[in-house]
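**Q** Need coordinates for the following:
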Amino acid sequence: MQYDVLITGGATSGSFFARRMAEQGFSVAVLDASKEEKIGSKYDIFHMCARDFDTFGLPEASKDDGTWAFEFTEGLTASPYNNYPKTTYDKIVGMHMHEYVLKMNRWAKEKGAEYIYGASVISPVFENGRIAGVKYKKDGEEKEIRARVIVDCSGMGGAVRTSLPDGYGVENFTLGSNDMFYVILRYVSLKNSEDYLKGSCGWPFYKTWIAPQHDPCGAILGIGACNSFGYAEEIYKDFEKSISLPEHSIQYFEKGTTPYCRCPYSFVADNFIATGDAACLTKPLNGEGITSSMVHMEIAAKVLGKALKKGRTRKADLWEINFLYNKAQGADFCFLRAVLTKAVTAKKEEWEYFFENDIIFSEPLMNAVSTGEEIPLTPDVLGGMIKNIARGVKNKVISVSTLKAVGSGVLLGTALKNHYLSFPETPDGFEKWCKKADSLWLKVGKMQ
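**A** As a prediction, this is how the structure comes out:
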């Protein structure tokens with residue numbers, strides 16, 4: 001059967017995009033490798049800002065249907081020795097992932113989207129040199145499904161994107177061990193009632209956090225680190241020595257990975273769009289990707305809707321997705337990723353100084369990132385960061401190497417932001433743009 005839109009991946013991203021296209025009147029099919037009873041079960045708990053339900057028109061979480069788990073408002077971010085906390089205020093809703101994904105599936109089906117569960121993508125199907133569908137396996141049988149446009153929401157593996165031929169228009173790179181965070185969640189019971197959580201706290205030096213969970217007497221202790229789960233556990237041991245955690249006992253563990261690298265330079269090719277984790281659309285400060293992906297998908301759904309109505313879905317017809325996303329969010333994320341990649345080379349005592357002097361970790365910046373507002377990166381703010389670091393060097397609190405690293409991160413981040421804001425409005429000039437972007441990202445390097 002021929003559909004207007006075929007989406008690979010039926011969790012939060014795939015369901016959101018399916019709803020957006022189906023409500024425009026297009027026929028939509030969604031493939032997911034998981035059985036319906038297992039979809040979205042990578043983690044038990046995930047969370048979103050309460051305002052995002054209205055921002056993206058999402059179905060509300062509810063105690064009645066088992067989707068709601070908890071709520072909190074205050075978030076703290078602290079230094080490596082738990083000093084100089086920065087406070088963000090944003091109502092956060094915790095939900096059960098599997099139950100909420102099923103709810104989003106039903107939400108998309110309400111507008112006519114069709115789901116095929118237990119369907120693993122084998123390869124894209126091409127016709128006249130352009131993608132026209134995918135081959136997939138279900139119940140041991142190979143099948144084929146076709147559509148005018150294929151949208152890859154299949155997660156960080158990018159089942160379709162990574163299978164595209166070289167030069168098709170969207171990069172087909174796969175993620176290595178330093179292109180992702182290895183996430184370990186400890187679900188714990190807190191032994192003393194005075195320690196029960198009313199909010200969350202994060203320690204970015206260790207990439208660790210403590211947050212509520214569905215058990216009001218419990219918490220989630222999490223860590224995300226590059227390289228391996230083993231390396232994440234080594235960092236966690238150091239974290240436990242430096243931070244006084246509430247007394248607790250382990251309930252169970254969850255493990256998973258999330259992308260932490262730059263996005264493909266172009267999200268679109270002829271009859272194709274990559275989005276969600278398949279396009280590495282995660283927030284640089286915390287690696288989360290659900291709502292940052294939705295910013296991208298709101299843009300993509302509008303552009304694709306216009307293209308489908310015109311009957312033209314070539315790369316040039318979808319190119320506006322690239323241009324508008326970089327203006328809306330992409331350029332700011334590039335700045336933060338560059339700065340943070342360089343900042344992680346600093347030592348604990350230097351991070352203490354960062355927090356004390358609002359270098360990178362300031363409440364205005366963190367609240368802007370949290371609420372999705374424009375990040376306040378004026379020349380005065382950037383200049384103030386550099387001056388404070390220079391003062392730290394003079395006082396022998398900051399090493400010269402850290403000054404150079406963070407300074408280069410700010411400069412590279414600013415250059416990347418400006419470069420992404422100058423993203424070409426058409427495919428003309430894209431190759432030249434990519435060469436400069438390659439040069440800048442090579443200087444940034446990988447998160448360690």
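**Q** pLDDT weak spots in the stretch 151-300 of the chain?
**A** Where the stretch 151-300 of the chain drops to pLDDT under 70, the residues are 286-287.
**Q** ranges for the helices of it?
**A** Counting by DSSP state H, counting those that start in this stretch, the stretch 151-300 of the chain has these helices, from start to end: 229-242, 290-310.
**Q** buried stuff in the shortest one?
**A** To tie it back to what came earlier, the one meant is helix 229-242. 232, 235, 236, 239 (16 or more other CB atoms under 10 Å). For the C-beta atoms, the positions are set from N, CA and C on the backbone; glycine is no exception.
**Q** could you dump these to JSON lines with distance to residue 291?
**A** Shown next, in JSON lines, are these (distance: CB to CB, whole Å):
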{"residue": "232", "distance to residue 291": "24"}
{"residue": "235", "distance to residue 291": "26"}
{"residue": "236", "distance to residue 291": "27"}
{"residue": "239", "distance to residue 291": "27"}
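**Q** Turn the helices of the stretch 151-300 of the chain into a markdown table, including distance to residue 140.
**A** Output for the helices of the stretch 151-300 of the chain, formatted as a markdown table (distance: least, CB to CB, whole Å):
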| stretch | distance to residue 140 |
| --- | --- |
| helix 229-242 | 32 |
| helix 290-310 | 32 |
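**Q** Am I right that residue 184 is in contact with residue 236?
**A** Yes: in this structure residue 184 lies within contact range of residue 236 using CB atoms under 8 Å: 7.2 Å.
**Q** Which residues are in contact with each of the two?
**A** Common contact partners of residue 184 and residue 236 (CB atoms under 8 Å, 6 or more residues apart in numbering): residue 223.
**Q** picking that back up, which of the helices of the stretch 151-300 of the chain sits closest to residue 209?
**A** helix 229-242 (10.2 Å; CB to CB).
**Q** Just checking the distance from that closest one to the centre of its chain.
**A** Computed by CA atoms, centre = their mean, to the nearest Å, the chain-centroid distance of helix 229-242 equals 23 Å.
**Q** what packs against it?
**A** The contact analysis (3 or more CB pairs under 8 Å, 6 or more residues apart in numbering; DSSP states H and E) places helix 229-242 against strand 180-190, strand 208-211, strand 218-225.
**Q** what does it rub up against?
**A** 80-82, 182-184, 203, 206-208, 223-225, 255, 348.
**Q** What subset of these is buried?
**A** Here, 16+ other CB under 10 Å leaves 80, 182, 183, 184, 203, 206, 207, 208, 223, 224, 225 buried among the contacts of helix 229-242.
**Q** In PDB, list the C-alpha atoms belonging to stretch 416-423.
**A** These are the backbone C-alpha positions of stretch 416-423, laid out as PDB (Å, rounded to 0.1, in the frame of the first residue of the first chain):
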ATOM      1  CA  LEU A 416      29.500  28.000  15.100                       C
ATOM      2  CA  LYS A 417      26.400  29.900  16.200                       C
ATOM      3  CA  ASN A 418      27.000  32.600  13.600                       C
ATOM      4  CA  HIS A 419      27.800  30.000  10.900                       C
ATOM      5  CA  TYR A 420      24.600  28.100  11.600                       C
ATOM      6  CA  LEU A 421      22.600  31.300  11.600                       C
ATOM      7  CA  SER A 422      24.100  31.900   8.100                       C
ATOM      8  CA  PHE A 423      22.900  28.500   6.900                       C
END
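**Q** buried ones in that stretch?
**A** For stretch 416-423, by 16+ other CB under 10 Å, it's 416, 417, 419, 420, 423.
**Q** Could you dump those into CSV and include pLDDT, distance to residue 311 and secondary structure?
**A** Formatted as CSV, these follow (pLDDT from 0 to 100; distance: CB to CB, whole Å; DSSP: H, G, I helix; E, B strand; the rest coil):
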residue, pLDDT, distance to residue 311, secondary structure
416, 97, 36, helix
417, 96, 36, helix
419, 98, 34, helix
420, 98, 31, helix
423, 98, 26, coil
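**Q** Can you give me the neighbour number for residue 282?
**A** 25 (other CB atoms under 10 Å).
**Q** For the residue lying closest to it once chain neighbours are set aside, grab the count of nearby residues.
**A** With CB to CB, 6 or more residues apart in numbering as the criterion, residue 282 has its nearest non-adjacent residue at 3.9 Å, and that residue is residue 289. Residue 289 sits with 23 neighbouring residues when counted by other CB under 10 Å.
**Q** got the contact list for residue 289?
**A** Counted by CB under 8 Å, 6+ apart, residue 289 has contacts 258, 259, 276, 277, 281, 282, 283.
**Q** and with 10 Å instead?
**A** The contact partners of residue 289, by CB atoms under 10 Å, 6 or more residues apart in numbering, come to 12-13, 155-156, 258-260, 276-277, 279-283, 296.
**Q** Kindly report the same for residue 55.
**A** So residue 55 contacts 48, 49, 291, 294, 295, 298, 372 (CB under 10 Å, 6+ apart).
**Q** quick one: which of those residues is nearest to residue 272?
**A** Closest to residue 272, out of all of the contacts of residue 55 and judged by CB to CB, is residue 298, at 18.6 Å.
**Q** quick one: that closest one and residue 328 touch, right?
**A** Yes: counting by CB atoms under 10 Å, residue 298 touches residue 328, with 8.8 Å between them.
**Q** The two - which one has more neighbours?
**A** Set residue 298 next to residue 328 and count neighbours by other CB under 10 Å: residue 298 wins out with 19 against 14.
**Q** related to what we said a few turns ago, and the helices of the stretch 151-300 of the chain: which comes nearest residue 265?
**A** helix 290-310 (14.0 Å).
**Q** Now the element after that closest one, going C-ward?
**A** helix 315-318 (DSSP states H and E).
**Q** pLDDT weak spots in the stretch 301-448 of the chain?
**A** In the stretch 301-448 of the chain, residues with pLDDT under 70: 363-378, 448.
**Q** For it, just list every one of the helices.
**A** Using DSSP H, counting those that start in this stretch, helices in the stretch 301-448 of the chain cover 315-318, 320-325, 331-343, 348-356, 363-371, 379-394, 400-421, 430-444.
**Q** Pick the one among the buried ones among the contacts of helix 229-242 closest to residue 98.
**A** Among the buried ones among the contacts of helix 229-242, and counting by CB to CB, the member closest to residue 98 is residue 183, at 17.2 Å.
**Q** ranges for the helices of the stretch 1-150 of the chain?
**A** Counting by DSSP H, counting those that start in this stretch, the helices of the stretch 1-150 of the chain are 12-22, 51-55, 97-109.
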